[in-house]
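Novice: Coordinates for the following, if possible.
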Amino acid sequence: MRVLVTGAAGFVGKHLSAYLEAQGDVVVGVDRSDGPDLTDGAGWSALVERVAPDAVYHLGGWSDVGASWDEPAAAFRVNAEGTLHVLQACVGAAVPPRVLVVSSADVYGQVPPERLPISEAAELCPITPYAASKVAADFL
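Specialist: You can find the predicted model right below:
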């Protein structure tokens with residue numbers, strides 16, 4: 001299978017790419033240093049069209065929770081609008097790939113010990129700009 005991994009140079013991206021390659025997949029990894037900016041919709045459309053992946057693992061985005069307080073609009077644009085651009089590029093591809101969008105446990109906010117472990121049915125309660133941007137991406 002031919003797969004596209006966004007955020008491939010990040011901690012999880014490196015491990016996921018190595019795992020997928022070990023399974024026999026052809027991995028095309030992109031990161032902010034060698035791929036289009038997540039806020040560049042046309043760039044993502046061109047990349048997905050060129051790569052023609054069977055699947056996309058979308059791990060790329062703003063990951064600095066603390067800095068999201070300093071630049072909340074930028075965090076939102078990268079995570080929410082960026083995810084929208086990746087999804088639109090996939091929908092627009094000749095053969096739309098399967099897409100996995102990776103989120104964050106931060107979307108659940110502060111969870112008391114008695115509510116652990118968290119399930120995906122838990123109430124979303126973001127308490128940082130970063131978490132709110134991830135909720136928006138999840139809803140997309």
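
Novice: CA only for contacts and neighbour counts going forward, please
Specialist: Will do.

Novice: in this protein, which spans are helices?
Specialist: Assigned by DSSP state H, the chain shows helices spanning 11-22, 41-51, 72-76, 82-92, 129-139.

Novice: Contact partners for the residue of the chain most remote from its centre?
Specialist: In the chain, the greatest distance from the average C-alpha position (CA atoms, centre = their mean) is reached by Glu114, at 29.4 Å. Shown in contact with Glu114 (CA atoms under 8 Å, 6 or more residues apart in numbering): no residues.

Novice: and what of Gly61?
Specialist: 7, 38, 78-79, 82.

Novice: Next, the distance between the ends of stretch 28-46.
Specialist: 14 Å (CA to CA, to the nearest Å).

Novice: thinking again about what came up before, any chance of the contacts of Gly61 in TSV, with distance to Gln23, neighbour count and pLDDT too?
Specialist: Shown next, in TSV, are the contacts of Gly61 (distance: CA to CA, whole Å; neighbours: other CA atoms under 10 Å; pLDDT from 0 to 100):
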residue	distance to Gln23	neighbour count	pLDDT
Gly7	19	22	98
Leu38	28	25	97
Val78	30	23	98
Asn79	29	28	98
Gly82	28	24	98
